[in-house]
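>>> With the input below, show me the fold.
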Amino acid sequence: VDAASDNAAMFATQHSAQIVPQPSPPPPEADLFATSVGTRVAPEDSAAPVAAPSPPAFEVAPQESSRTLFIGIAAVVLVLLVGGGGLALYFFNQPTPGDQPQQTNNQKTNAGGSNTNTNGGDKTTPAASRLVLIPGGSFQMGRNDVPKTSDDYNQFPAHPVSVKSFYLDKTEVTNAEYAEFMRATGHPAPKAAAAPYWTPWKGSEPPAGQEQWPVRNVSMADALAFAAWRSKRDNVTYRLPTEDEWEYAARNGGESSLYPWGQKWAAQSANVDAALPAPVGSFANGATRPGALDMIGNVWEWTTSEASIYPGNDERKIEQANKGYVIVRGGSYRSEARGAAAVTAATRQWVVRDTKHPTIGFRLVRDSP
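Model prediction:
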């Protein structure tokens, strides 16, 4: 009791003096934990409080309304100049960015294949403008280099999988967009007890300064409800990705890279070994080739795939108690960059579908026409 009182007093003193404490290394048990047969547990987190990172710059692709206005003005000028309507009609009939999702990652790819991203978090811009195209193809899903004694042996073996083209959210869904969904539908806010790693929402408003953090403490049902709302808002059909789609996107399709940015771990490429999430898109060096961000770290992401053992893996089985569990992908801010439990684009865990945890969020996909 005395120790708890001392800790509480220290926390209050730090905040009253506006002193920013340094984050301590997160213990492995603070994240979702996988046993050798796949039983998934979401224990309580216990990170020290740290200051929230500053949101990144985020340039959003031009929307249909501004593009259409520009084309209309240009067409009128052309009519006056050439004295005919045929050329103007041609320009009016050209497709605009609103016709289909665009690959909006204004990036420059360096010789090493990593991306410099200039996009950021305008919370008022529809997420339809922040999709990247993932061209369909085949890849080697899973890994062959996982020891049989490892808790990650559910990644074995590598096996061929084909995926159709689809569009993927550039980043995880943010608190700001989830708040818009809540205000439009009356859906309840993410809820958990106040803790150094979690600040409760105030009604339909996320904590100040966390608008561009990924939404957390949301179940699979919450994510599906959000997808239905955003589908209606944007007049297209969004859904959660399958596990196959998620890994295909994170491993750059046929390249089957171990990380979104390449085959080896690279510093400053993902928000891992951290005490708190970061604003989405903060780690531009971790982008995939098409421009998807935060595919490693920040928050685990829901998929629609149920717990499974890959074909050819005779060392593992799904326990009866785990059947019907749902796979989450990508690791979180609490995941480890190195060591036996190092997170990669092949890392997979599963949880009960109604799990709500401060390390779980989501992003959406939509089918390619």
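>>> Identify the bridge partners of Glu306.
Val326 (DSSP bridges).
>>> ok, it - how many residues close by?
Applying other Cβ atoms under 10 Å, we find 15 other residues in the vicinity of Glu306. For glycine as for every other residue, the C-beta is placed from the backbone atoms N, C-alpha and C.
>>> And it, how close does it get to Gly253?
24 Å (Cβ to Cβ, to the nearest Å).
>>> same question, Ser332
Computed with Cβ to Cβ, the distance linking Ser332 and Gly253 is 24 Å.
>>> ok, which stretches of the stretch 101-250 of the chain are strands?
107-109, 115-117, 131-134, 137-141, 159-163, 166-169 (DSSP state E, counting those that start in this stretch).
>>> so which of these gets nearest Asp314?
For these, proximity to Asp314 was assessed by Cβ to Cβ; strand 159-163 is nearest, at 13.5 Å.
>>> how about the CA coordinates for that closest one, as PDB?
The C-alpha coordinates for strand 159-163 follow below in PDB (Å, rounded to 0.1, in the frame of the first residue of the first chain):
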ATOM      1  CA  HIS A 159       3.400 -21.300 -48.500                       C
ATOM      2  CA  PRO A 160       2.100 -19.800 -51.700                       C
ATOM      3  CA  VAL A 161      -1.000 -17.600 -51.500                       C
ATOM      4  CA  SER A 162      -2.700 -15.600 -54.200                       C
ATOM      5  CA  VAL A 163      -4.500 -12.300 -53.500                       C
END
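>>> Contacts for it next, please.
Here strand 159-163 makes contact (Cβ atoms under 8 Å, 6 or more residues apart in numbering) with 134, 136-142, 244-245, 248, 253, 310-312.
>>> Which of the residues in that strand are classified as buried?
Within strand 159-163, the residues scored as buried using 16 or more other Cβ atoms under 10 Å are Val161, Val163.
>>> Kindly report the same for stretch 217-227.
Using 16+ other Cβ under 10 Å as the burial criterion, the residues of stretch 217-227 that qualify are Asn217, Val218, Ser219, Met220, Asp222, Ala223, Leu224, Phe226, Ala227.
>>> nearest residue to the first one other than its sequence neighbours?
Pointing back at Asn217 there. The shortest distance from Asn217 to any non-neighbouring residue, by Cβ to Cβ, 6 or more residues apart in numbering, is to Pro190 (3.8 Å).
>>> Please apply the same query to the second one.
In space, not counting the residues next to it along the chain, Val218 is nearest to Pro190; the distance is 5.6 Å by Cβ to Cβ, 6+ apart.
>>> Number of residues surrounding the one you found?
22.
>>> now Asp314
9.
>>> give the contact list for the nearest residue to Asp367 once chain neighbours are set aside.
Nearest residue to Asp367 in three dimensions, chain neighbours excluded: Phe166, at 5.6 Å (Cβ to Cβ, 6+ apart). Contact analysis of Phe166 by Cβ under 8 Å, 6+ apart lists Ile134, Gly136, Pro241, Glu245, Val365, Arg366, Asp367, Ser368.
>>> circling back: for Ser332 and Gly253, indicate the residue with more neighbours.
Neighbour totals were compared for Ser332 and Gly253, and Ser332 leads with 29 against 19 (other Cβ under 10 Å).
>>> average pLDDT across stretch 360-369?
Mean per-residue pLDDT for stretch 360-369: 96.
>>> Give the buried residues for that stretch.
By neighbour count on 16+ other Cβ under 10 Å, the buried set for stretch 360-369 is Ile360, Gly361, Phe362, Arg363, Leu364, Val365, Arg366.
>>> residue ranges for the helices of the stretch 201-350 of the chain, please.
Assigned by DSSP state H, counting those that start in this stretch, the helices in the stretch 201-350 of the chain fall at 220-234, 243-250.
>>> Distance to Ser282 and mean pLDDT added to these, as CSV?
Formatted as CSV, the helices of the stretch 201-350 of the chain follow (distance: least, Cβ to Cβ, whole Å; pLDDT from 0 to 100):
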stretch, distance to Ser282, mean pLDDT
helix 220-234, 22, 98
helix 243-250, 17, 98
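>>> Of those helices, give the one that comes closest to Asp151.
Of the helices of the stretch 201-350 of the chain, nearest to Asp151 by Cβ to Cβ is helix 243-250, at 17.8 Å.
>>> which residues touch the closest one?
For helix 243-250, contacts defined as Cβ under 8 Å, 6+ apart pick out 134, 137, 139, 141, 161, 163, 166, 168, 241, 260, 288, 290, 292, 295-296, 301, 303-305, 327, 329-330, 345-346, 348, 365.
>>> residues contacting the residue nearest to Val218?
So Pro190 contacts Tyr178, Trp201, Val215, Arg216, Asn217, Val218, Asp222, Lys356 (Cβ under 8 Å, 6+ apart).
>>> For Thr303, which non-adjacent residue is spatially closest?
In space, Thr303 is closest to Glu243, 4.6 Å off (Cβ to Cβ, 6+ apart).
>>> my bad, should have said Ile296
Distances taken as Cβ to Cβ, 6+ apart place Ala270 nearest to Ile296, at 4.1 Å, with adjacent residues excluded.
>>> how close does the one you found get to Gly297?
Distance, Ala270 to Gly297, by Cβ to Cβ: 4 Å.
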